[in-house]
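Trainee: Attaching a predicted model along with its sequence, questions to come.
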Number of protein chains: 2
Amino acid sequence: MKVTPKSVRKEILTNIRKSLLELGSSTIVELSDRLGISFPTISKCFAQMEKAGELILVGLDDSNGGRRAKRYAYNPEYMLGLAIFLERTETHYIVYNCLGDVKNTGKTDGVLVEDDLTSLTKLMEKIVDQHPTIRSIAIGVPGSVDNGKIFYIPGYEQFHNLDLKGYFEQHFSIPVVVENDMNAAVLGFHKNSGLKNNTSLVYLYSGQNGPGAGFLINGDVVRGSTFFAGEVSFVPQYNDRNFRQALENDRDSMTATFSTDAQIDAICRLIATITAIINPHTIIFCSDEIEKTTLKKISIGSSKYIPSKHLPNLTISDWKQDYLYGLQSLGITLMLMEPN
Amino acid sequence: MKVTPKSVRKEILTNIRKSLLELGSSTIVELSDRLGISFPTISKCFAQMEKAGELILVGLDDSNGGRRAKRYAYNPEYMLGLAIFLERTETHYIVYNCLGDVKNTGKTDGVLVEDDLTSLTKLMEKIVDQHPTIRSIAIGVPGSVDNGKIFYIPGYEQFHNLDLKGYFEQHFSIPVVVENDMNAAVLGFHKNSGLKNNTSLVYLYSGQNGPGAGFLINGDVVRGSTFFAGEVSFVPQYNDRNFRQALENDRDSMTATFSTDAQIDAICRLIATITAIINPHTIIFCSDEIEKTTLKKISIGSSKYIPSKHLPNLTISDWKQDYLYGLQSLGITLMLMEPN
DNA sequence: AAAACTTATTAAAGAGGTTTAATAAGTGTT
DNA sequence: AACACTTATTAAACCTCTTTAATAAGTTTT
């Protein structure tokens, strides 16, 4: 909505950074064509960025009939990001650069069981001190988040309505983003998949509070009017059972994965339901919760309910990895928006 | 993504128009504050627009200590829009101004049963001739649309893969937008409701091809990866019935409205399902398909499946009116983006 | 090896925004 | 009624991006 020279300048810089990282390296004219921005502008930005050390001259292109063009690459070490995710018993963090290379990693006890943020703040202070070029912080939490504020986090009521983003931005003077774990995971998978920006994805998982899902629709995370979106355990599926009940009723206590025919039918029905409503491109299962053979059965079973040409791709992915990648990706986006 | 001086200028003009229409009237400084654009820029635009007749000086504000400010209003007659929607047996159109006032209205036979666009084109030519200030055309069709192209339109296969937008933009040199009927309706309801831009809405209807739904999620229309989104008749609901079967099995052939207990339970389950997945703000029913008393029953019945604080508002609305309003709103958005 | 041609970069002029100063048009006080 | 004070508008200086011209640095042809 807002358009001012300042916002334009900021967006140009962000776009330059993004493109350079995507392309790996580029010449002035290449970027100018790609972004639709005149080459003198790119040239001026490059000069500034090179002086600041944000850009590296990697060499000259081969000539194609005239003067050889200088080729520049983004210096991935110029800024670092911190991603940290909070679980009940453990707190993991990684420090990474713009390319996603991990520079440092660690874990400690869970901080969610504590009364306040003291020990989390101390941990973060230590990390930020060790890496003074950290320029963004991404925090993942197992709860509903609205614009950096923890809205609802079952089991840790002391953090309800806590403005985590505001608190740490104040404290560190570094931009902060906070996101729900599933939303981060689905975002991470999306970024990793290389799918178009406006696709829809669903991440299914079975948390300790029953099964749930993270939705990405048209490239946006869906939160819902009361932050209830994704609570698929409530979906009525049979005459007298909802999704959760259908899974539990037939729970094989020996194994954590779903495999009985009844469980598979419940999942098929859920997939049919989701398809009939939002028709996503892909549905993702957690690798530790389902077997490849089961996936095939689900794929076949779903077509009982929906013409198979409309059914989504079914994929298995590593949840924790996607989660971290999602946080990284949020943090990188934030970094690249920083003014010079 | 793209930022250039041209796009900036265009967006400034669009924002000025939008704000003037929303506010009814404004002074230069008021708009400058609202849009975050310097007042000399607004001043220059105003001068140009007034000269073109797009703006009207409505008088001077009362002084509050200094020179009295000139107050301007948008001239709603400066540009007109044409909204036209195609149904099997009838084609309706309205001509309206930026405020949504209807200037002209009419209907003829259905054009979808014909082999090509000849008669539709002729109709539109007549209308455009009568109203030479028409600056946008919005067309509603009962089929899937992707960027102005008819993707899938059951029953009228001769129009499959027809680029309606491209065809008429070429023909009339006026910007054209094409949208699916349900999507237009849900959009129209949204605009009319005054709800925030990022809310989620669902429009339920029972078409001749079985029940369906239009989804607006985070303010965006949901089409789905194979344009199958909203086909809720396929949702499995009971041991051996999906939503459509549940409705039909108990169809009271005497009346078109849903009222039996079994039908109501099916609808309750659908609402529970939709809530558990996307948790929308409101679900809208068509006024000719449901009674107010039934709605109350549905509201109560749904809370069997989902905690009632998460359930959406249930509303009844006039489908055709919302449809038209949605087309109008699309057309107005298009007009306001036109360069000077 | 010099002339003709290509392409990249730098320099200068132009366009459209912002900021700041100057002017116009009021109100209120003594 | 003259003066101080407010607020709206106009004018001028400035900043940033674009467009276009000039220059630098190669390649190819003769």
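Mentor: Structure received.

Trainee: Not counting its neighbours along the chain, what's nearest residue A:87?
Mentor: residue A:110 (6.1 Å; Cβ to Cβ, 6 or more residues apart in numbering or on different chains). Quick note: C-beta positions are derived from backbone N, CA and C, even for glycine.

Trainee: what about that neighbour, how many neighbours?
Mentor: Counted with other Cβ atoms under 10 Å in any protein chain shown, the neighbours of residue A:110 add up to 16.

Trainee: can you check residue A:36 too?
Mentor: Residues within reach of residue A:36, counting by other Cβ under 10 Å, total 13.

Trainee: Torsion angles phi and psi at the nearest residue to it once chain neighbours are set aside?
Mentor: Leaving aside its sequence neighbours, residue A:36 sits nearest to residue B:2 (Cβ to Cβ, 6+ apart; 5.3 Å). Per-residue torsions, residue B:2: phi -80, psi 130 (degrees, to the nearest 10).

Trainee: Surely residue B:2 touches residue A:11?
Mentor: No: here residue B:2 does not reach residue A:11: they are 9.5 Å apart, not a contact under Cβ atoms under 8 Å.

Trainee: Looking at these two, which is more packed in?
Mentor: Neighbours were counted for residue B:2 and for residue A:11 using other Cβ under 10 Å; residue A:11 has more, 15 against 10.

Trainee: Pick out the residue of the stretch 101-250 of chain A closest to chain B.
Mentor: residue A:224 (2.6 Å; Cβ to the nearest Cβ).

Trainee: dump the residue contacts of that residue.
Mentor: With contacts defined as Cβ atoms under 8 Å, 6 or more residues apart in numbering or on different chains, residue A:224 is in contact with A:230, B:200, B:278-280, B:310.

Trainee: one more time with 6 Å
Mentor: residue B:279 (Cβ atoms under 6 Å, 6 or more residues apart in numbering or on different chains).

Trainee: What's the separation between it and residue B:199?
Mentor: 10 Å (Cβ to Cβ, to the nearest Å).

Trainee: try residue A:271
Mentor: Computed as Cβ to Cβ, the residue A:271 to residue B:199 distance reads 26 Å.

Trainee: so how far is DNA strand D from residue A:1?
Mentor: Noted for residue A:1: a distance of 19 Å to DNA strand D, by Cβ to the nearest atom of the strand, to the nearest Å.

Trainee: Tell me the predicted confidence for the closest residue to that residue other than its chain neighbours.
Mentor: Leaving out its chain neighbours, the residue that sits closest to residue A:1 by Cβ to Cβ, 6+ apart is residue B:15, at 7.0 Å. Looking at residue B:15, its pLDDT stands at 97.

Trainee: Tell me if residue B:15 really is in a strand.
Mentor: No: per DSSP: H, G, I helix; E, B strand; the rest coil, residue B:15 lies outside any strand segment and is helix.

Trainee: ok, it touching residue B:34?
Mentor: No: with contacts counted by Cβ atoms under 6 Å, residue B:15 stays clear of residue B:34, the gap being 8.9 Å.

Trainee: what about those two, which has more around it?
Mentor: Remark: of residue B:15 and residue B:34, residue B:15 carries more neighbours, 19 against 15, as counted by other Cβ under 10 Å.
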